[in-house]
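**Q** mind looking at a prediction? Sequence and model below.
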Amino acid sequence: MGQLLEIEDLKTYFRTEDGLVPAVDGVSFGLEKGETLGVVGESGCGKSVTSLSIMRLIPTPPGLFKGGRILFEGQDLLKKSEADMRRIRGNDISMIFQEPMTSLNPVFTVGDQIAEAIQLHQGKSRQEAMERTVEMLRLVGIPAPEKRVHEYPHQMSGGMRQRAMIAMALSCEPRLLIADEPTTALDVTIQAQILELMKKLKRELGMAIMLITHDLGVVAEMCERVVVMYAGKVVEEADVISLFQKPLHPYTEGLLKSIPRLSASRAAGTAALGATGTAPGGREKLHVIEGVVPNPQRLPSGCRFHPRCPYAQDICRTEEPPLLEAGPGRQVACWLHNEVSLKGAAS
Amino acid sequence: MEVRDLKKYYPVTKGVFSRTVAHVKAVDGVSFNVRKGETLGLVGESGCGKTTTGKVILRLQEPTEGEVWFEGQNIMGLQREQMRRLRREMQIIFQDPYSSLNPRMTVGDIIGEPMIIHGVARGAAKEKRVRELLEVVGLSPEHARRYPHEFSGGQRQRIGVARALALNPKLIVCDEPVSALDVSIQSQILNLLVDLQAEFGLTYIFIAHGLAAVKYISDRVGVMYLGKLVEMADAEELYANPKHPYTEALMSAIPEPDPTLKRERIVLEGDVPSPVNPPSGCRFHTRCRYVMDICRQVEPELRDVGGGHLMACHLER
């Protein structure tokens, strides 16, 4: 289909003492060449497991791929051998993680770690690999890269380490970069630096980015399209502007309304902010999504979001809504937006 | 509460005899007031000293220098027993709901413990109050029998809030109470804190790095950088008219959830310097886009630039 990455009905489960946990339970979405896709959701929605599944970094056991396909440039990654995957990881698809301190090897210098990837995947000599490494460190904005190349991760700040990890991830010019909460652990001013860097590199290298985050501000700034996940499923997919201006799924709507905004004025709350009444002191109360994310081993019947949904109807409690098209480039899994249910109600 | 020139230095030791070779100047001369019934927000990034400030004003850690006056009394001079009695008025909610509750105690015991320690209530009276507190924070009285690991992060934070309320304090220091929680739970806890403040006439010192949450809950906000207070103003005023270059950069760095917003972003160069060896003069000068010669030599005073808006900067703004 010409898409860089196509995930089809992916099911990644985990065998635990208490039974099978459906962490990712039938997830489908795609990513075009050069596009930045945001994957949004809260704890337990399955976004990280999805990205680790793409990289085949899920240990099996206890993980198991119960079904689906992950097509990268037309080839199913779930069918590849481990040797093939090693060639793909770091080379065609690269990943950066949330905690740069725990994902960089503390006993090797930063230079060694980056050069290793280059030598392995591009067959360059040690000398050439080191030269390229210094270039990469310069590209990601690390000052005096010829010196820093000999430093250990603990000698660098959080922001520097994240830059080093980005340098490592990009050193072999992958077509797809998966960034799993890359700035969550960083201070806000460092986050701004890293986001600007990612934008710049994307422009220069033309790679696709799958950005996993719970921060809707980061999504608004970085992404072209967004996929919203809840309890192991995709509940909405849209281009970023449509998602923020007119969210279709009640969960997306709830998330957007419950974030305190910098631009909002406290005393003069407006309906658009979803203010649910005035708190004492003239402050508009924050919108709240009642309840908590369900335990994946005790999922609600029907739509997984129904116990927390202000619009839940009878059908929501018994039947799980399919992910259907709801306009050009938009999909939503919700009975409110599903023609079938409306027809059913009419008859 | 009045905080005067508070300092907290941690010694850095080296060698087998643990010689003190330097100090981490975590809090280096911070002064501010907190009015009864208000919420004072303290924001800043890692290493700015806001959490240390919160702990030192409650004397959970002893200050190196400085005074803290609570209801007209200098608490630094109090003896242990007097301080302990005063702690009934000043409580704290911690950041990490996973490590701040004793996993071997039931929720009821955790909330009731302050009452036993201070001899406020025992037995049936205590149990009754524990049940009341659980309801106040939106949990159910049966939860008293359960253990912390049986609850979600948001629920655990509610337990932390109930514990902080157990003694009917006047002041609660909230140390990053929502940072470890999912976005949709954060709003539940923030709403709860706001309701409780009105119901019980509480005063909050709200410490966080989540600028939007701080703006929502605070009346006034102070910005800290490398152990110093660089700006303080009414919340609306601070966010609408940040005057200090650091505050300006901080506001502009926050990604807003609005994809149509086109902003001129101020991106600061470099990293935060080490608090062991802070820059000379104004601590922010190494990253400041407006830096002048005087900034490198003379530390600016925190002064009122109009209408109670305080700022420490050599620029005329």
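**A** Received the coordinates, thanks. Residues are numbered from 1 along each chain as shown, chains lettered A, B, ... in the order given.

**Q** in the stretch 51-200 of chain B, which residue sits nearest chain A?
**A** Across the stretch 51-200 of chain B, no residue is closer to chain A than B:Ala198, which sits at 3.3 Å (Cβ to the nearest Cβ). (C-beta placed from N, C-alpha, C; glycine too.)

**Q** my read is that B:Tyr216 contacts B:Ile189, right?
**A** No: with contacts counted by Cβ atoms under 8 Å, B:Tyr216 stays clear of B:Ile189, the gap being 11.6 Å.

**Q** on that earlier part again, what's the neighbour count on the residue of the stretch 51-200 of chain B closest to chain A?
**A** By other Cβ atoms under 10 Å in any protein chain shown, 13 other residues sit near B:Ala198.

**Q** got it, and the one 10 residues further on?
**A** Residues contacting B:Ala208 under the criterion other Cβ under 10 Å number 23.

**Q** cool, B:Tyr216 as well?
**A** With other Cβ under 10 Å as criterion, B:Tyr216 counts 28.

**Q** ok, now A:Thr189?
**A** 23.

**Q** ok, B:Ala22 next?
**A** 14.

**Q** show me which residues of the stretch 51-200 of chain B are close to chain A?
**A** Taking Cβ under 8 Å from any Cβ of the partner chain as the contact definition, the stretch 51-200 of chain B meets chain A at B:152, B:154-155, B:182-188, B:190-191, B:194-195, B:197-198.

**Q** give me the subset of those residues lying in helices.
**A** Mapping these onto helices (DSSP state H) picks out B:154-155, B:183-188, B:190-191, B:194-195, B:197-198.

**Q** just the buried ones out of those residues, please.
**A** Neighbour counting with 16 or more other Cβ atoms under 10 Å in any protein chain shown marks B:154-155, B:183-188, B:190-191, B:194-195, B:197 as buried within those.

**Q** which residues in chain A form helices?
**A** Going by DSSP H, chain A shows helices at A:47-54, A:82-88, A:100-103, A:110-122, A:126-139, A:145-148, A:158-170, A:188-205, A:216-222, A:240-245, A:250-258, A:314-318, A:339-346.

**Q** and B:Ala164, which of those is closest to it?
**A** helix A:250-258 (23.5 Å; Cβ to Cβ).

**Q** residues contacting the closest one, please?
**A** With Cβ atoms under 8 Å, 6 or more residues apart in numbering or on different chains as the test, helix A:250-258 has contacts from A:40, A:216, A:228, A:230, A:235-236, A:243-244, A:247, A:273-274, A:286-289, A:305, A:308-311, A:334, A:336, B:183-184, B:186-187, B:257.

**Q** which among those residues count as buried?
**A** When burial is judged by neighbour count using 16+ other Cβ under 10 Å, the buried members of these are A:40, A:216, A:228, A:230, A:235-236, A:243-244, A:247, A:273-274, A:286-289, A:305, A:308-309, A:334, A:336, B:183-184, B:186-187, B:257.

**Q** for the residue nearest to A:Leu71 when sequence neighbours are not counted, what are its contacts?
**A** The shortest distance from A:Leu71 to any non-neighbouring residue, by Cβ to Cβ, 6 or more residues apart in numbering or on different chains, is to A:Glu6 (4.1 Å). If you count contacts by Cβ under 8 Å, 6+ apart, A:Glu6 has them with A:30-31, A:69-71.

**Q** repeat that for B:Gly29.
**A** Shown in contact with B:Gly29 (Cβ under 8 Å, 6+ apart): B:5-7, B:66, B:227-228.

**Q** that one: what secondary structure?
**A** At B:Gly29, secondary structure determined by DSSP: H, G, I helix; E, B strand; the rest coil is strand.

**Q** against B:Thr20, how distant is it?
**A** Per Cβ to Cβ, to the nearest Å, B:Gly29 is found 20 Å from B:Thr20.

**Q** in the contacts of B:Gly29, find the pair that's most separated.
**A** Farthest-apart pair in those is B:Gly66 and B:Lys228; separation 13.0 Å (Cβ to Cβ).

**Q** just confirm B:Leu302 contacts B:Leu229, I think it does.
**A** Yes: with contact defined as Cβ under 8 Å, B:Leu302 and B:Leu229 form a contacting pair (6.0 Å).

**Q** neighbour count for the two, which is higher?
**A** B:Leu229 (28 against 20).

**Q** look up which residues are beta-bridged to the more buried one.
**A** Per DSSP bridges, the residues bridged to B:Leu229 are B:Met224.

**Q** got the buried residues for stretch B:77-87?
**A** For stretch B:77-87, by 16+ other Cβ under 10 Å, it's B:86-87.

**Q** hmm, who's touching it?
**A** Under the criterion Cβ under 8 Å, 6+ apart, residues B:58-59, B:70, B:73, B:75, B:118 lie in contact with stretch B:77-87.

**Q** quick check: B:Arg88 is in a strand.
**A** No: according to three-state DSSP, B:Arg88 belongs to no strand; its state is coil.
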